[in-house]
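Undergrad: show me the folded form of this:
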Amino acid sequence: MALAIALVGLALGSVLFHFLSPWYFTPIASNWGAIDTTIAITFWVTGIVFVAVSFFMAWALVRYRHRAGARAAYEPENKKLEWWLLVLTGVGVAAMLAPGLVVWAEVVQVPKNAQVVEVLAQQWHWSYRLPGKDGKLATVHSRFVNDGNPFGINPADPNGGDDVLLSTAEVHVPVGQPVKLLLRSKDVLHNFAVAQLRVKMDMVPGLVTYAWFTPTRTGSYDLLCEELCGVGHFAMRGRLVVDEPAAYQAWLDRQQTAAQARARPAADVAAGKAAYAPCAACHGANGEGNVALNAPRLSGHGAWYLERQLRSFKQGLRGTHEKDVFGRMMAPMAATLADDKAVADVAAYVAGLPDAPVPATIKGNVKNGRERYATCASCHGADGRGIMATNAPRLQGMSDWYMATQLKNFRDGVRGGHPQDIYGGQMALVAGMLADDAAIGDILAYINSR
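TA: The predicted structure follows:
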């Protein structure tokens, strides 16, 4: 009797939990309401079967419980019962499968007017490519992939000049416009998933998979990799922003094409040298840094990284947290650079300074650090010299005391909390793996050994 009551309680409790629980699907923001309907049908079918079986088992336990002198009746076959089970099972399975087949028929039929967006995944980074005014994407091949050409675009393809290349983890699409996603992976199996849009598709190395959707509501939605792709899988996040058509076009017009990026005027190093003069007071004439002034080494970094950090300070992505004392000191200094050209000039000058690694100041367990650094290596490189394609800066030979401070800032929420600082948010997740200062010291000791 106790077991029968437990079965009934389990069935009723499960039903109540389903209907009363605050955890359910995120509000849909695309045309794929049919997917939710299909899942709801599956819930109803499996839920009814679960309750029916639970109640039947409870009834059987009570009805056929042990009684002194009672004997079981053996019935090897029951044609009527078998037919009922066959029919009901067939109806239930068909009710679950048929709607899914209907939806799948829609999933594989992409509208002809769909806008194409190519998504490229690699541990643990998203990047995107959009066709230019010609409406065509250039052909790609793995043999063309390198740090300067992360998409592997065929240099001989004339359609590649106006392709828009986004190395940021954020991409925009217009509301109400069908979007076709061409999904590629450079290394391992990944998965493109945006819960609100009901989009989820594997990204297989060597293949181009696809998915499509029509966004119906503007907003900013988290993009997740939902396939275990390595130890840093949890930090592989991006953002898909749905804009009104006018706002989307304005965003698109601000993006550089591949040809524009190649034709970008060279930075004025002389102007950068003059603009760097105030910086030298803290960071040193040769960008060597000064631990007494909490100014890290700058020389040795690529211009692309220095530009991004200066823009982050100027735009308020860094240096705004009340506990980020030295970041708050740096923000007004970055604000003295009037525009992107001034930022590029300073970055180019600093990138050309002598590459003289600074002495190590932190000690730790190199062996433990090697194991922990495995997560970092996919972005920053096995030798810690940074990878431009993954927007990961150089670590080897840089100011270890500064890196220790920043890892603590990431871990403690002082840095990486701004919603637009996507890479900072990613670093905050990774730094959360470092339980204490000793773990940070171990990683930096290993980096210093490279």
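
Undergrad: hey, let's count contacts and neighbours off CA atoms from now on
TA: Will do.

Undergrad: what comes up buried for the worst-scoring helix or strand of the chain on mean pLDDT?
TA: One helix or strand of the chain scores below all others by mean pLDDT, DSSP states H and E: helix 258-262, with a mean of 78. Within helix 258-262, the residues scored as buried using 16 or more other Cα atoms under 10 Å are residue 258.

Undergrad: which stretches of the stretch 201-350 of the chain have low pLDDT?
TA: Scanning the stretch 201-350 of the chain for pLDDT under 70 picks out nothing.

Undergrad: how is this structure partitioned into domains?
TA: According to automatic domain parsing, the chain comprises the domains 2-63+79-107, 115-262, 265-356, 358-450.

Undergrad: can I get those in CSV with distance to residue 71?
TA: Below are these laid out as CSV (distance: least, Cα to Cα, whole Å):
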stretch, distance to residue 71
domain 2-63+79-107, 13
domain 115-262, 54
domain 265-356, 77
domain 358-450, 62
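
Undergrad: next, name the residue at the spatial heart of this protein.
TA: Centroid-nearest residue in the chain, with Cα atoms, centre = their mean: residue 237, separated by 1.6 Å.

Undergrad: of all the domains of the chain, which one is nearest residue 73?
TA: Residue 73 lies closest to domain 2-63+79-107 among those, at 13.4 Å (Cα to Cα).

Undergrad: any idea of the pLDDT on the residue of the chain positioned farthest from its centre?
TA: Distance to the chain centre peaks in the chain at residue 69, reaching 66.9 Å (criterion: Cα atoms, centre = their mean). Note for residue 69: predicted pLDDT of 80.

Undergrad: got it, and residue 449?
TA: Looking at residue 449, its pLDDT stands at 88.

Undergrad: list the contacts of the closest residue to it other than its chain neighbours.
TA: Among residues not flanking residue 449 along the chain, residue 366 sits closest, at 7.6 Å (Cα to Cα, 6 or more residues apart in numbering). Residue 366 sits next to 442, 443, 445, 446, 449 when contact means Cα atoms under 8 Å, 6 or more residues apart in numbering.

Undergrad: ok, the first one - contacts?
TA: The one in question is residue 442. So residue 442 contacts 363, 364, 365, 366, 367, 368, 369, 370 (Cα under 8 Å, 6+ apart).

Undergrad: only the buried subset of those residues, as a ChimeraX command please.
TA: Here is the ChimeraX command that selects the buried residues among these (16+ other Cα under 10 Å):
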select :363,364,366,369,370
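
Undergrad: so residue 438 makes contact with residue 362?
TA: No. Counting by Cα atoms under 8 Å, residue 438 does not reach residue 362; the two are 10.3 Å apart.

Undergrad: near residue 265, how many other residues are there?
TA: By other Cα atoms under 10 Å, 9 other residues sit near residue 265.
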